[in-house]
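Student: I'll drop the sequence and a predicted model, then ask my questions.
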Amino acid sequence: MRRNLAPLADTLFDLLVIGGGIHGACAAWDATSRGLSVALVERGDFGSATSANSLKILHGGLRYIQQADFRRMRQSIRERATLLRLAPHLTRPLPVVVPTYTGLKESRAALWMALRISEVVGAGLNRESGRGGGLPPGRILDRRESLRLFPWIEKEGLTGAALWHDGQAVNSERLTLSFLLSAAEAGAEMANYLEVTRLLKDGSRIAGARALDRVGGQEVEIRARMVLNAAGPWGGAIMALGRNSAGAPPHSVQALAINLVSRRSLGEMAVGIRSRRKVAQDPVGGGRRHLFFAPWRDRTLIGTSYRAFTGEPGRDRVTEENLRDLLADCNQACPGLGLSWEDLTFYHWGVLPLQGGRRSGARMPLAAEPRILDHGWEDGVEGLVSIIGVKYTTARLVAEQALDLIFRKLGRNPPPCRTASVPIWGGEESGGESVPSGVPAGTARRLEEVYGSRRGEVVRRYRNEEGWAAPAAEGCPVLRCEVLRAVREEMALKLADVILRRTDLGTAGCPPRPHLVAVARILGEEMGWTEERQVQEVNDVLKIYAPLPVRTEAV
């Protein structure tokens, strides 16, 4: 996967995908695997916005029982099983516990019934999850066992807990990238940091897009028979371009979602708890938050809080007040927890759609279902289809449905979709090449967890490079060859791309400054950066962790 703008300008594609998050990535892989010629462009780095914000939980949709929406629940269970099966190196089963209390809605009986309904709705699907025999059935824990596992939860009225298994995307950034790598291997042309500024028209029909290269500054025109808008929070702006709206489009109200990363490990199971106070700013309705504490990389992911906002999405939308508010909510919900500001190492943010994209009276509920818009039907604008996604877990299915529509718009019968059965890049069952000798056993295991069946291929190509198997810096877990691969074969253009989305160096907290400097130096050698540019790249990465206290010298 190498960045080359020339084929984008010289080819008439069947499909142009705008957006390199999880929905765009799945759509590009689906389209290429069904035989379409595909281009994909992303205004930032791949998977760097909402797809990077998550508790990394692959949800089976247990909450849909409250609405008796068993169709969506079965879809979620199926897609959870599919992701566990397609990318076993990047996903894993995750035990989840929800405490039960006196009262009808949170009682042991109510949760027991929910677990049994889930098993009936997902009959047969849990056995297909992953390659290790599937997910075990849920069960009810008594009060004593619940407190043994989680002594910090609220004890008043506690009667026990419900235990079941969901999935976890251990490395959601690499999971998104793996869909893109699969699409690129199948022939898709793609480029990051290429921002669509105008949609091209052939008469009244959308015929492609003009895009600005945010790296080199030039513009490129990309011609396509169909355009799929999978731009997430920027999707409304793309729709406005399709309607020929004058000036900047009016910004709809969206939800800013925030999750915390704590250095404290709180156990091997995820815990779901309802907060004890109502949050007026929460677009879900100003009620009590549903808080999740999920184990991840010897740390804990905590979330989610929401804030309504309008305007341009961005990390600068997250304030210290937002983070401290969620922290206080966690401590209030769990009196024995005692999390401090110093326990936080990072936070993840993303933007989610609200129902209707605007206020609904006093409530602003999150959009509950994904939408696929045929703008020929909606607006009389042919050649444009939009995805409004709501869940990482079901992105593959939504992309499949969007591609079925696009084939019909192209006047063709949709070929069968293969993305639910064909493993993505690194998930092949063959096992691939082994890691060459000279790599320590612990490093070899980590390479397998990141690159799966492609682990040997990743390092083999660089065996003639000096110091290929050496750490990028003293004490750094990432090898020099991984940094080289990120630049040469995974389209990393900035230090942040390597730190946050090609490797795991910075996803759980700020790496030590010496590690940042060493990786920046490797990138500088590859891309001809000056020393000043290397310093600027390091400083840009450090800003990403603000307003949290950053300890960049600790190893």
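Tutor: Everything's here; your move.

Student: for the record, mean pLDDT for stretch 296-312?
Tutor: Averaged across stretch 296-312, pLDDT comes to 89.

Student: my bad, should have said stretch 149-162
Tutor: For stretch 149-162, the per-residue pLDDT averages 92.

Student: same deal with stretch 259-270?
Tutor: 94.

Student: same thing with stretch 412-423?
Tutor: Here the average pLDDT along stretch 412-423 is 96.

Student: Can you give me the buried ones in that stretch?
Tutor: Within stretch 412-423, the residues that count as buried by 16 or more other C-beta atoms under 10 Å are Cys417, Thr419, Ala420, Pro423. Just so you know, the C-beta spots here come from the backbone N, C-alpha and C atoms, and that holds for glycine as well.

Student: Quick check: pLDDT value at Gly103.
Tutor: Looking at Gly103, its pLDDT stands at 81.

Student: quick one, what contacts it?
Tutor: When contacts are counted by C-beta atoms under 8 Å, 6 or more residues apart in numbering, Gly103 touches Gly157.

Student: Does it lie in a helix or a strand, and which?
Tutor: For Gly103, there is no enclosing helix or strand under DSSP states H and E.

Student: what stretches of the stretch 401-550 of the chain score poorly on pLDDT?
Tutor: Within the stretch 401-550 of the chain, the ranges that satisfy pLDDT under 70 run 430-432.

Student: dump the residue contacts of Asp497.
Tutor: Asp45, Ser48, Asn192, Ala486, Met491.

Student: Restricted to helices, list those.
Tutor: Residues of the contacts of Asp497 located in helices (DSSP state H): Ala486.

Student: Return the member of the contacts of Asp497 nearest to Leu500.
Tutor: Closest approach to Leu500 among the contacts of Asp497 (C-beta to C-beta): Ser48, at 7.5 Å.

Student: Surely that closest one and Arg501 touch.
Tutor: Yes - assessed by C-beta atoms under 8 Å, Ser48 is found in contact with Arg501 at 6.4 Å.

Student: quick one, which of these two is more surrounded?
Tutor: Remark: of Ser48 and Arg501, Arg501 carries more neighbours, 27 against 22, as counted by other C-beta atoms under 10 Å.

Student: list the contacts for that one?
Tutor: Counted by C-beta under 8 Å, 6+ apart, Arg501 has contacts Asp45, Phe46, Gly47, Ser48, Ala52, Glu173, Arg174, Leu177, Ala492.

Student: What of Leu94?
Tutor: Contacts of Leu94 by C-beta under 8 Å, 6+ apart are Ile57, Leu58, His165, Asp166, Gly167, Gln168, Met269, Ala270, Ala294, Pro295.

Student: rerun at 6 Å
Tutor: For Leu94, the contact set (C-beta atoms under 6 Å, 6 or more residues apart in numbering) comprises Asp166, Gly167, Gln168, Ala270.

Student: Ok, Asp343 next?
Tutor: Contacts of Asp343 (C-beta under 6 Å, 6+ apart): Ser262, Arg263, Arg264.

Student: what does Asp213 give?
Tutor: By C-beta under 6 Å, 6+ apart, the contact list for Asp213 reads Leu194.

Student: Phi, psi for it please.
Tutor: Torsion angles at Asp213 (phi, psi; degrees, to the nearest 10) stand at phi -80, psi 110.

Student: what does the model give it for pLDDT?
Tutor: Reported pLDDT at Asp213 in the predicted model: 97.

Student: The buried residues of stretch 412-423 in helices, which ones?
Tutor: Short answer: the buried residues of stretch 412-423 have none in helices (DSSP H).

Student: can you put the residues you listed in CSV and add distance to Leu135?
Tutor: As requested, those are exported to CSV (distance: C-beta to C-beta, whole Å):
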residue, distance to Leu135
Cys417, 24
Thr419, 21
Ala420, 17
Pro423, 19
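
Student: Now His89. Nearest residue, chain neighbours left out?
Tutor: Of all residues not flanking His89 in the chain, Gly452 sits nearest, at 3.5 Å (C-beta to C-beta, 6 or more residues apart in numbering).

Student: hang on, the one you found packs against Gly426?
Tutor: Yes - counting by C-beta atoms under 6 Å, Gly452 does reach Gly426; the two are 3.2 Å apart.

Student: Tell me which of the two has more neighbours.
Tutor: More crowded of Gly452 and Gly426, by other C-beta under 10 Å: Gly426, with 26 against 23.

Student: measure that one to Ala188 for me?
Tutor: The gap separating Gly426 from Ala188 is 17 Å, by C-beta to C-beta, to the nearest Å.

Student: hang on, the earlier thing: which one among the contacts of Asp497 gets closest to Glu145?
Tutor: Checking the contacts of Asp497 one by one against Glu145 (C-beta to C-beta), the nearest turns out to be Ser48, at 41.1 Å.

Student: which regions of the stretch 251-400 of the chain sit below the pLDDT cut-off?
Tutor: 251, 276-288, 356-363.

Student: Identify the residues contacting the one helix or strand Leu523 maps to?
Tutor: If you go by DSSP H and E, Leu523 is part of helix 513-527. The contact list for helix 513-527 (C-beta under 6 Å, 6+ apart) reads Ala472, Ala473, Cys476, Val483, Val487, Leu495, Val498, Gln534, Glu537, Val538, Val541, Thr552.

Student: Tell me which residues are up against the very next helix or strand once past it.
Tutor: Using DSSP H and E, the helix or strand that follows helix 513-527 in sequence is helix 531-544. Helix 531-544 is contacted by residues Leu495, Ala496, Ile499, Leu516, Val517, Ala520, Gly524 when judged by C-beta under 6 Å, 6+ apart.

Student: Report the buried members of those residues.
Tutor: For the contacts of helix 531-544, a burial check counting by 16+ other C-beta under 10 Å picks out Leu495, Ala496, Ile499, Leu516, Val517, Ala520, Gly524.

Student: Was I right to think the third one contacts Gly509?
Tutor: Read that as Ile499. No - using C-beta under 6 Å, Ile499 makes no contact with Gly509, being 10.9 Å away.
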